[in-house]
Structure formats: structure tokens, C-alpha cells
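**Q** Got a predicted model here, sequence first, then my questions.
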Amino acid sequence: MKYEVSGKDIILFEDDLELDDVLDTGQAFRWNRTGENAYFGYCLDRPLSISGTKGRFLLKDTSEEDFLNVWAPYFDLDTDYSALRELYSKDPTLKAACGFSRGIRLLRQDGWESLVSFIFSSNNNITRIKGIIARLAEHYGHFPTPEELSGETVESLGYLRSGFRARYIIDAAQKVASKEVDLGLIKELPYEQAKSELMKITGVGPKVADCVLLSGFSKTEAFPVDVWIKRVMAEYYPDGLPEEFYQTRGIAQLYLFNYIRKFKGEEK
């Protein structure tokens, strides 16, 4: 990881990153495009303006401490994605997917924020999810804690216009606040056990649980399967991904998802 401090800004030098590949593909929902190769968003209620492409990025009004403690982990800057792409390139389909979306990285998000976000994502689209989360954060003045949301009702959350998902969010908040579902424990549990724990929450099925475990708890063996990935698996991997990719198959999924949705989808 190479960077420079420039006044109140950070200049990041990273060849394996493209903002459109990571901030506008459904991994996180608190980012908005502000211009070409430029975004504004939040992590843990810390705001960031980031812009750049082709290996050079400007992070505005960010201290070196926040960069090292918040943004470097968030953008997974300690992981060697060149080595991952080399591994994946043993497989022809993944090789093509990596070539199409070279700048993909896993956004390592807060577990609670990820859980709320992906519950809202159920049978929804990115634009609507962003709107719901923006209204939620605006209402509270920050991203609400489980304790804050646990006292809400479906009626009191009506301003979100989130439909049936409101009761799922309340159930999640109540179970997390009471430690019936302990997010700290989930971080330490093996993948399969962690998935079972998350699925105690109403509205959290296998796909949402895998999204949360991958993005919010860094369990890279989690493999979210939606309609696009079902298509990939049926067409290219009827017997499953090669076993050698198992430990990082969640990251492989990011490449495959973007490839099949944007490139192969348009092709058809």
C-alpha cells in the first residue's frame, strides 16, 4: 500500500482499484457518484470524497489516522488482488471476468450496517436501497444503532417506504440489541455456524446471510447466489467452482457478478 499525505488530503497509489467497480455495483449503498470517477459516501458515519482512476486516487479532507484505521481496511488495501487474479486466471471464465473488472475489491464494511443494508436489498434494486438508507440516516442524523431501531414499529418506519422489509429490520435490531444474535460472536464463528446464526433473523435467508458475512464480517468463503450468479453457475460451473478457490470464492463472486451482469447481460 503506497500513499502520500498532501495537506488535509491523502493521495493513494493503487493499481488494483477502480471506483466504478467497487462503489457502484451493489456492494455498499451509501455512495453516490459526484462526477466522472468521483464519489461521496460514508463508512461508519465518516464521510469521504474520493476521486481518481488508473492507479492514483485523491481522498479529500481525510487524516492519515482515518485513512489507516478506516479507509485502508474498508478498501481492503492490504490484500494483494494481483495475486488473487493470478490464481483465478487458472480458470477461463474467471480469467475473462477479472479482465473485465480489474478494479474490483471487496469493501470490508461494518457488520451491523451491512446487515441492515442487505435486509433492505431483498427483492429490491440499488437505487431504491440507496434511497431507503439515506432516509434512515437522515432521520437519525447518523446510521442508527440496533438499540435505537429496536424500539421502532412498522408504522414509525413508514417514512422509509421500505414495505415488508420494515418488520425484518425491527426483528434484526431487537435480536442484535438483546444479543440473541451476537454480531461479535458471528465474527469469530466458522462460516457455516455464522450463517446459521444470522438466519435466526426474520427475512435473512441464505443469500442475504452470505452477502452480510462477505461484506460485513470478511468471511471470504461466503458465496452469495442471486439470479446472475445462478446463471453463471448453470452455464459455466454446473459442478461448482474449483475447490482451490473455496477460501476466497466470495471475492471470485464479485468478479463473476459484474462480468455476467454488465458484459454478458448486454451481449444477450
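**A** Received the coordinates, thanks.

**Q** pLDDT weak spots in the stretch 1-150 of the chain?
**A** For the stretch 1-150 of the chain, no stretch is flagged by pLDDT under 70.

**Q** And the strands in it?
**A** 2-6, 9-13, 31-35, 38-43, 46-53, 56-60 (DSSP state E, counting those that start in this stretch).

**Q** Kindly export the third one (C-alpha atoms) in PDB.
**A** The C-alpha coordinates for strand 31-35 follow below in PDB (Å, rounded to 0.1, in the frame of the first residue of the first chain):
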ATOM      1  CA  TRP A  31     -22.100   6.100  -2.100                       C
ATOM      2  CA  ASN A  32     -23.200   8.500  -4.800                       C
ATOM      3  CA  ARG A  33     -21.400   9.500  -7.900                       C
ATOM      4  CA  THR A  34     -20.400  13.200  -7.900                       C
ATOM      5  CA  GLY A  35     -18.600  13.200 -11.300                       C
END
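
**Q** in its sheet, what does it sit against?
**A** As defined by DSSP bridges, the strand partners of strand 31-35 come to strand 38-43 (antiparallel).

**Q** tell me how far the strand it pairs with is from the chain's mean position?
**A** 13 Å (CA atoms, centre = their mean, to the nearest Å).

**Q** quick check: angle from it to strand 46-53?
**A** Comparing the axes of strand 38-43 and strand 46-53 via axes from the mean of the first three to the mean of the last three CA atoms, to 10 degrees yields an angle of 150 degrees.

**Q** ok, back up a step: which of the strands of the stretch 1-150 of the chain sits closest to residue 209?
**A** Ranking the strands of the stretch 1-150 of the chain by proximity to residue 209 (CB to CB) places strand 38-43 first, at 21.6 Å. All C-beta atoms are positioned from the backbone trio N, CA, C, and that covers glycine.

**Q** Residues touching that closest one, excluding its own?
**A** Residues outside strand 38-43 that contact it (CB atoms under 8 Å, 6 or more residues apart in numbering) are 19, 23-24, 28, 30-34, 47-51, 70-71, 74, 109-110, 137, 143.

**Q** same thing but at 10 Å, please
**A** Residues outside strand 38-43 that contact it (CB atoms under 10 Å, 6 or more residues apart in numbering) are 19-20, 22-24, 28-34, 47-53, 57-58, 60, 66, 70-71, 73-75, 107-110, 113, 130, 133-134, 137, 142-143.

**Q** of those residues, buried ones?
**A** 19-20, 22-23, 28-31, 48-52, 57, 66, 70-71, 74-75, 107-110, 113, 130, 133, 137, 143 (16 or more other CB atoms under 10 Å).

**Q** what are the phi and psi values for the closest residue to residue 8 other than its chain neighbours?
**A** Leaving aside its sequence neighbours, residue 8 sits nearest to residue 61 (CB to CB, 6 or more residues apart in numbering; 5.2 Å). The phi and psi values for residue 61, taken as degrees, to the nearest 10, are phi 50, psi 50.
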